[in-house]
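Enquirer: The sequence and its predicted three-dimensional model are supplied below.
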Amino acid sequence: MMFASMLGVFFALGLLTIVTVILVIGVGVSLGSKSNAIPVLSSGESVFRLSLSGSMLDSPADQSFALLLGEEEALSLKDVLTAIRNAKEHDTVKGIYLDMGVFQTGTAGIDAIRRALEDFRESGKFIIAYADSYTQGSYYLASVADQVYLNPQGLLGLTGMASQSLFYRGLLEKAGIEMNIFKVGKYKGAVEPFISDKWSDANREQITSYIHGIWTRIVNGIAESRRIPASTVSAFADEGLFFADPSEAVKCQLIDGLKFRSEVEDLLKEAAGQTGRNLKTAGLAKMKKMENKARQYQHKIAVLYAEGEIIQAPVPSSPFQGEKHITEDLADELKKLKDDGQVKAVVLRVNSPGGSAYVSEQIWKQVSELKKSKPVVVSMGNVAASGGYYISCAADKIVAEANTLTGSIGVFGIFPNATGLFGKLALGSDVVKTGRYADMGNLARPMTDGEKTLIQGYVERCYQTFLTRCSDGRGMSLGEIDAVGQGRVWTGKQALEAGLVDELGGLDRAVDLASELAGIYNYTLIAAPAPRDFMELLKKQLGETGVSLVRDMAGEYYDYFKTLQQLRSTYGIQARIPYDLKPL
């Protein structure tokens, strides 16, 4: 009886597995199949509801698995810009309902959306914005609307900008760990949290410079859109009026009125000429697919996205959040584009704080090789600094947003000495070796002067290589690059003045520039690489579900876990900006 019961259980489990696999394959085929049918807006869907909340990537992530499990589709800048452009071109759409949630992204991404919305308004259509509460970034975006409304009990979070970092020196001392630091660059502050209790004067200088530059652009942008003095915007933040009664925001002309969502939707119905009880809208998912059937041309311009930290070993990411990293796979994609005869130019969209100097060098090499056969234009997103600039500098032209963080031309290496920790734990260590440096990197002993000299020399050679790559790519002398290098971070506007970028603008301008350089004006714009099929994606992401479980369990502490995960794949000399950038 026991054997029969066990056999029945195993049979049932096997049958369940087979059925599950068949169902998954069926869903995969369904999700993976592409329909050429373009959605049609109904006569009532005359308002495009652009709901912005959460974080935003530059390019769409592979989200089939997340959608299969009922997760919301993550935002991408590419989709948002496409949807706004489509809404402008379709006569059925009368206006945009900008429904702002807790929207977090960099100011470069917000600037790109603001430009698209301003272009939309030139068609004579309306934009009305509403939020229960505005974050600083979401209000900066919403301020471009014709009318901006706030919930009567909401907050307008205009606070100004601040930059904060944790310093670990005291903790490391208590743990008995000493960090041996090797760097080149006066402003390369990534190592400071491990050896100091505060920022160096040089690091404080560069942070002060770029956050004031970004804040000034935000203030001036809001003031211009709202047609009020910039001093009014600054005063609202400096006087702490974000915690005052919301009516203060109306008095300062930052908000047009305090209304509940239902009241705003009544205004939208009236503006769109709708007569029904409920406001009828088309969302982002539908609007981004409303592209006109444009003619397909033989010549192509490819947009290749380089997004995330530059790492040597892939870090598992959650299938629900679409986190991205840059590996040597990007170099392989550049090779494929070089060999594709139909691709006449490439736009490399870079949104990266940098990372591995070794991987950056491999990608730089392929950009250089690609440039020999066809134009390469870099479009910089929120950040393209350190390794992110390394992989950009060889391009024919570089286009950055005014608030892009870029530059940070410098390198560093960190090697721990855990002798004190070994002593606290009563751990011993002994080594038998055949050469003087055979046990280099041994955590159980201090580094020798000879080892320190070797590593510092290696770091300095990496820096000289970095300078040379930038010098060759930008047509500047080594001295000129070194003067604006030294690990210093610049805004896009400052980088333009320093000669590190060629123009200010977004992805559209980079594509136009690539077209001009290639001498083609009839072309099809394609994304590279081509999307993977569903089963390949499922196979990859089923192995990553553990990270998503950790995210759910860790909550707000997940970022610390992610940092530890990244440290596992962070080795070798690093070309990385000195901080983790948090969205507005």
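Expert: Nice, I can see it.
Enquirer: Quickly find the element holding the closest residue to Ser200 other than its chain neighbours.
Expert: Spatial nearest neighbour of Ser200, chain neighbours left out: Glu192 (6.1 Å); criterion: CB to CB, 6 or more residues apart in numbering. To be clear about C-beta, it is placed using only N, CA and C from the backbone, and glycine gets the same treatment. With elements taken from DSSP states H and E, the one containing Glu192 is helix 192-195.
Enquirer: which residues are in contact with that helix?
Expert: Defining contact as CB atoms under 8 Å, 6 or more residues apart in numbering, one finds that helix 192-195 is touched by 165-169, 172, 179, 181, 199-200, 203, 414, 578.
Enquirer: swap in stretch 368-377?
Expert: 334-335, 337-338, 343-348, 367, 394-399, 510-511, 513-514, 517-518.
Enquirer: With stretch 469-476 instead?
Expert: Taking contacts as CB under 8 Å, 6+ apart, the residues outside stretch 469-476 that touch it are 361, 364, 389-390, 393-395, 409, 477-478, 480-481, 485, 499-500.
Enquirer: still on that earlier bit, would you report which members of the contacts of stretch 368-377 are assigned to strands?
Expert: Using DSSP state E, the members of the contacts of stretch 368-377 that fall in strands are Val343, Lys344, Ala345, Val346, Val347, Leu348, Lys397, Ile398, Val399.
Enquirer: Need the pLDDT of the fourth one.
Expert: At Val346 the predicted local confidence, pLDDT, stands at 98.
Enquirer: same thing with the last one?
Expert: The score at Val399 is 98. That number is its pLDDT.
Enquirer: Return the set of residues that bridge with it.
Expert: On DSSP bridges, the residues paired with Val399 through beta bridges are Ser379, Glu503.
Enquirer: how far away is Glu480 from Ile301?
Expert: Taking CB to CB, to the nearest Å as the measure, Glu480 and Ile301 are separated by 31 Å.
Enquirer: of those two, who's got more company?
Expert: Comparing Glu480 with Ile301 by other CB atoms under 10 Å, the one with more neighbours is Ile301, at 24 against 16.
Enquirer: Let me know the secondary structure of that one.
Expert: What DSSP: H, G, I helix; E, B strand; the rest coil gives for Ile301 is strand.
Enquirer: what do you get for the one 5 residues further on?
Expert: Three-state secondary structure (criterion: three-state DSSP) places Ala306 in strand.
Enquirer: excluding its backbone neighbours, what's nearest it?
Expert: Take Ala306 and drop its neighbours on the chain: the residue closest to it by CB to CB, 6+ apart is Val350, 4.8 Å away.
Enquirer: how many other residues sit next to Ser339?
Expert: Not quite, residue 339 is Asp, not Ser. Other residues within reach of Asp339 by the criterion other CB under 10 Å amount to 9.
Enquirer: how close does it sit to Asp332?
Expert: Here the distance between Asp339 and Asp332 works out to 11 Å (CB to CB).
Enquirer: for Lys94, phi and psi?
Expert: For Lys94, the backbone dihedrals are phi -90, psi -20 (criterion: degrees, to the nearest 10).
Enquirer: Okay, it and Gly407: tell me how far apart.
Expert: Lys94 is 44 Å from Gly407, where distance means CB to CB.
Enquirer: neighbour-wise, which of these two wins?
Expert: Between Lys94 and Gly407, Gly407 has the larger neighbour count (other CB under 10 Å), namely 30 against 18.
Enquirer: residue contacts, the more buried one?
Expert: Contact criterion CB under 8 Å, 6+ apart gives Ala385, Tyr389, Val484, Gly485, Arg488, Val489, Trp490, Ala495, Ala498, Leu500 as the residues in contact with Gly407.
Enquirer: Distance to Ala426 and neighbour count for these - can I get that in CSV?
Expert: Rendered in CSV, the data for the contacts of Gly407 read as follows (distance: CB to CB, whole Å; neighbours: other CB atoms under 10 Å):
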residue, distance to Ala426, neighbour count
Ala385, 43, 31
Tyr389, 46, 34
Val484, 51, 19
Gly485, 46, 26
Arg488, 45, 25
Val489, 44, 28
Trp490, 49, 26
Ala495, 52, 26
Ala498, 54, 19
Leu500, 52, 25
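Enquirer: Take these and write them to CSV, including pLDDT.
Expert: Formatted as CSV, the contacts of Gly407 follow (pLDDT from 0 to 100):
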residue, pLDDT
Ala385, 95
Tyr389, 97
Val484, 96
Gly485, 95
Arg488, 95
Val489, 95
Trp490, 96
Ala495, 97
Ala498, 96
Leu500, 97
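Enquirer: So which of the residues you listed sit within strands?
Expert: The members of the contacts of Gly407 that map onto strands under DSSP E are Ala385, Val489, Trp490.
Enquirer: Can you tell me, leaving aside adjacent residues, what's nearest to the first one?
Expert: Counting by CB to CB, 6+ apart, the nearest residue to Ala385 once its immediate chain neighbours are dropped is Ser408, at 4.0 Å.
Enquirer: Can you verify my assumption that the one you found contacts Ser360?
Expert: No - contact status for Ser408 versus Ser360: not in contact, 11.9 Å apart, counting by CB atoms under 8 Å.
Enquirer: Helix, strand, or coil at Gln298?
Expert: Recorded secondary structure, Gln298: coil (three-state DSSP).
Enquirer: what about Gly273, how many neighbours?
Expert: Taking other CB under 10 Å as the neighbour definition, Gly273 ends up with a count of 8.
Enquirer: now the strands for the stretch 101-250 of the chain?
Expert: Here the stretch 101-250 of the chain has its strands, by DSSP state E, counting those that start in this stretch, at 126-131, 147-150, 178-184.
Enquirer: where does the protein dip in pLDDT?
Expert: Applying pLDDT under 70 to the chain flags residues 1-44, 61-73, 291-295, 314-323, 530-584.
Enquirer: 80 instead?
Expert: 1-45, 60-74, 290-296, 313-323, 530-584 (pLDDT under 80).
Enquirer: Tell me how many other residues crowd Arg115.
Expert: Neighbour count of Arg115, defined by other CB under 10 Å: 18.
Enquirer: check contacts around the closest residue to it other than its chain neighbours.
Expert: The shortest distance from Arg115 to any non-neighbouring residue, by CB to CB, 6+ apart, is to Gly506 (6.4 Å). Neighbour list for Gly506: Asp111, Ala112, Arg115, Ser379, Val399, Glu401 [criterion: CB under 8 Å, 6+ apart].
Enquirer: tell me which of those is nearest to Ala528?
Expert: In terms of CB to CB, no member of those lies closer to Ala528 than Ser379, at 13.7 Å.
Enquirer: Return the distance of that closest one relative to Ser225.
Expert: Distance of Ser379 to Ser225, computed by CB to CB: 24 Å.
Enquirer: Which of these two has more residues huddled nearby?
Expert: Of the pair Ser379 and Ser225, Ser379 is the one with more neighbours under other CB under 10 Å, namely 31 against 19.
Enquirer: Could you tell me how far that one is located from Gly435?
Expert: Applying CB to CB, the value for Ser379 to Gly435 is 48 Å.
Enquirer: Now do the contacts for the closest residue to Glu401 other than its chain neighbours.
Expert: Once its chain neighbours are removed from consideration, Glu401 has its nearest residue in Ala108; the separation is 3.7 Å (CB to CB, 6+ apart). When the contact criterion is CB under 8 Å, 6+ apart, the partners of Ala108 are Met380, Gly381, Asn382, Val383, Ala400, Glu401, Ala402, Asn403, Thr404, Gly492.
Enquirer: That'll do, ta.
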